[in-house]
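> Following is a predicted model, sequence given first.
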Amino acid sequence: MSSYLIDVSNFLLRWLHVIAAIAWIGESIYFVMLDNGLKKPKAEEDRQKGVFGEMWAVHGGGFYHNQKYATAPDKLPDDLHWSFWKAYTTWLSGFALFIILYMANPSFYLVNPNSPWEWAANLSGWQANVVALLFLLGGWVVYNEMCKRLSPNMERDGLLSVGVAVMMVLVAYLSVHIFSGRAAFLLTGAVMATAMSANVFFWIIPGQRRMVKAMKAGETPNPLDGKRGKQRSVHNTYFTLPVVLLMISNHYSFAYTNDWAWVIMTLLIFAGAVIRQYFVLMHSGQHKPAYPVAGVVLILAAFAVGSPALAPATSSAPAQAGGDTASQESGTLASDAVPASPLAQVHAIMQTRCVQCHAAQPAHAGFSAPPAGVVLETEAQVEQQQASIQQVVASGYMPLGNLTQMTDDERATIATWGN
């Protein structure tokens, strides 16, 4: 029953997370479009009132006239629209999902037993949870300090952009070497998502509140509040597409199980940023096709890095080992047994190493249903999943953490299956 409740919580939290993220990102993209698409007001009356720019639009059968004031209007309304709850809800629901899915089974989902760093490979479950939390916190602290030190007055934002780009390369590299592949992609996205939400919570909204308070009091607001809020909003804009991609990456093992996963991740992050740049410029009337072309090139480069290598030639000894095990269990000598077919050998391995989770009714306490809906109880089901099985087993991603202790010989049997 507890596994079922966990699945229900996962289902509903994921739904909430997606809805909140769509609302937040959609609103963010809209305001970036509006801000970059403003034109000088045509009416002298509007210019005298302090209107900085305006946009006319048609939507849903009606016409809209958006105006942006450079200074406060004569009377600032009390019912201002504030954009923050969508950001907070997105982060809180995402963190809750991370707790349920990853921190509840850290040895299964966070620990990277194949890490080249011994300390990371030998992390216990609670230690992996602590390291993951410190990773998120550290990402925000480093990013925030870079913003404050490299461009405190928003006069060196170009240098800051380079610094943030270098930081994300390091985050990708560290995450892949510390955590399991799927968690590494998620945590890299979570570092950016945490920075986005924290920008709203610590800088954008407080700055806007100070500006509104000063305007209502008839005082001149601090211009740095507006500039700083703009700076952090711009960063959030370029984080958006990479974060969305990394959050859905857990469905595509070719990326996070690759030996060069951090390179793939970096290429995709930069691809999302340059594609976003194209749309930002397009809203202001500038069409720069070099940006989407560069984005496509980076995506193709990522796919090239992630393409599966040809399986190495191996002897038939490992395949025979699977037959020996099966025949010994039946009480006969291997030399007298008829060698099992490759499919039968792989099916036997699945029965020993995989069906604890990949069964219609999993025996593993952490699952009330088979992960990703993949069931491997029969030879037909195993054969149907051949490509996926060979990919995740060859990469070492499955079994997760190798908790069922799949041997190198068994991996070789799976790799040569069908060759």
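Done, it's in. Residues are numbered from 1 along each chain as shown.

> Can you list the residue ranges for strands in the protein?
Counting by DSSP state E, the segments of the chain that form strands are 51-59, 62-69.

> from the ones you listed, which stretch is densest packed?
Of the strands of the chain, the one with the most neighbours on average (mean count of other C-beta atoms under 10 Å) is strand 51-59, at a mean of 13. No exception for glycine: its C-beta is placed from N, CA and C like everyone else's.

> Where does the prediction get shaky in this protein?
Across the chain, the ranges flagged by pLDDT under 70 are 1-3, 308-339, 364-368, 372, 395, 401.

> re earlier: and residue 124, which of the strands of the chain is closest to it?
Closest approach to residue 124 among the strands of the chain (C-beta to C-beta): strand 62-69, 53.7 Å.

> could the strands of the chain be laid out in a markdown table, adding distance to residue 374?
Shown next, in a markdown table, are the strands of the chain (distance: least, C-beta to C-beta, whole Å):
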| stretch | distance to residue 374 |
| --- | --- |
| strand 51-59 | 43 |
| strand 62-69 | 48 |
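
> out of these, nearest to residue 417?
strand 51-59 (55.5 Å).

> can you list contacts of the closest one?
Outside strand 51-59, the residues that touch it by C-beta atoms under 8 Å, 6 or more residues apart in numbering are 34, 37-42, 46, 63-70.

> Would you tell me which of the strands of the chain gets closest to residue 104?
Residue 104 lies closest to strand 51-59 among these, at 43.7 Å (C-beta to C-beta).

> Next, the angle strand 62-69 makes with that closest one.
Orientation check (axes from the mean of the first three to the mean of the last three C-alpha atoms, to 10 degrees): strand 51-59 against strand 62-69 gives 160 degrees.

> I'd like the distance from strand 51-59 to the chain centre, please.
Averaging C-alpha positions (C-alpha atoms, centre = their mean, to the nearest Å) puts strand 51-59 35 Å from its chain's average.

> what does stretch 107-118 give?
The answer for stretch 107-118 is 19 Å, by C-alpha atoms, centre = their mean.

> mind listing what's buried in it?
107, 108, 109, 110, 111, 112, 114, 115 (16 or more other C-beta atoms under 10 Å).

> got a list of what the fifth one touches?
By C-beta under 8 Å, 6+ apart, the residues touching residue 111 are 120, 121, 123, 124, 125, 128, 179, 180, 401.

> again with the third one
With contact set as C-beta under 8 Å, 6+ apart, residue 109 has these partners: 101, 102, 180, 182, 183, 400.

> Of those residues, which is the most crowded?
Using other C-beta atoms under 10 Å as the neighbour test, the contacts of residue 109 are led by residue 180, with 28 neighbours.

> What residues sit buried inside the longest helix along the chain?
In the chain, with assignment by DSSP state H, the single longest helix is helix 2-37. For helix 2-37, burial by neighbour count (16+ other C-beta under 10 Å) applies to 6, 13-14, 16-17, 20-21, 23-25, 28-29, 32-33, 35-37.

> Quick check: nearest residue in space to residue 269, chain neighbours excluded?
Leaving out its chain neighbours, the residue that sits closest to residue 269 by C-beta to C-beta, 6 or more residues apart in numbering is residue 242, at 4.2 Å.

> Surely the one you found touches residue 275?
No - contact criterion C-beta atoms under 8 Å: residue 242 and residue 275 do not qualify, at 9.7 Å.

> Now do the longest helix of the chain: which elements does it pack against?
strand 62-69, helix 85-98, helix 223-247, helix 261-283 (3 or more C-beta pairs under 8 Å, 6 or more residues apart in numbering; DSSP states H and E).

> Turn these into JSON lines, columns for distance to residue 307.
Listed next are the helices and strands packed on helix 2-37 as JSON lines, based on distance: least, C-beta to C-beta, whole Å:
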{"stretch": "strand 62-69", "distance to residue 307": "46"}
{"stretch": "helix 85-98", "distance to residue 307": "30"}
{"stretch": "helix 223-247", "distance to residue 307": "18"}
{"stretch": "helix 261-283", "distance to residue 307": "10"}
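
> picking that back up, tell me which of residue 242 and residue 275 has more neighbours.
Using other C-beta under 10 Å, the more surrounded residue of residue 242 and residue 275 is residue 242, with 24 against 20.

> ok now do the more buried one, which residues does it touch?
Contact analysis of residue 242 by C-beta under 8 Å, 6+ apart lists 189, 192, 268, 269, 272, 273.

> If we use 10 Å, what do you get?
Going by C-beta atoms under 10 Å, 6 or more residues apart in numbering, residue 242 touches 168, 188-189, 192-193, 265-266, 268-273, 275-276.

> Check residue 279 too.
Listed by C-beta under 10 Å, 6+ apart, the contact partners of residue 279 are 29, 32, 33, 36, 237, 241, 291, 292.

> give the contact list for the residue nearest to the second one when sequence neighbours are not counted.
Looking back up the chat, that one is residue 32. Leaving aside its chain neighbours, residue 32 sits nearest to residue 237 (5.4 Å; criterion: C-beta to C-beta, 6+ apart). Residues near residue 237 by C-beta under 10 Å, 6+ apart: 25, 28, 29, 31, 32, 196, 273, 276, 277, 279, 280.
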